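> Fold the following, please.
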Amino acid sequence: MSIRPLADRVVLKPLDSEAEVKRGGIIIPDTAKEKPQEGEIIEVGPGRRGDDCKLVEMEVKKGDKVLYGKYAGTEFRVGDDEMMILRESDILAIIS
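Modelled structure (predicted):
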């Protein structure tokens, strides 16, 4: 299945957070953890149209690792993989 985002949207795969074990051996279940806010961009849309109707290029590219807002985007599944689609403006930073 191929996904091609429209306008200024990107498809990314959230990076898995490591298993968390507290002192004393208490394991925090996945349902109690916060969602990861770091992901890798899988696909990038062509960009958005500015006020002058010219195409504004995307600043991020396929393969970039990024930080995104906590409540940003829409989650969906492709087979067994969890993905997100969000606007470029919801991306906070590129991790180098």
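> can you list the weak-confidence ranges in this protein?
1, 17-23, 28-36 (pLDDT under 70).
> which residues touch the residue nearest the centre of the chain?
Centroid check for the chain by Cα atoms, centre = their mean gives L12 as the closest residue, at 4.0 Å. L12 sits next to 39-42, 66, 68, 83-86 when contact means Cβ atoms under 8 Å, 6 or more residues apart in numbering. Yep, even glycine has a C-beta here, placed from its N, CA and C like the rest.
> Check the gap between it and G45 for me.
12 Å (Cβ to Cβ, to the nearest Å).
> before we move on, back to that, from the contacts of L12, pick the one nearest G25.
G39 (30.0 Å; Cβ to Cβ).
> Show me which residues of stretch 70-84 are buried.
By neighbour count on 16 or more other Cβ atoms under 10 Å, the buried set for stretch 70-84 is 73, 83-84.
> Same check on stretch 89-96?
90-91.
> do you know how far D64 is from A93?
Counting by Cβ to Cβ, the gap from D64 to A93 is 10 Å.
> number of nearby residues for C53?
If you count neighbours by other Cβ atoms under 10 Å, C53 ends up with 6.
> where's S89 relative to G73, distance?
11 Å.
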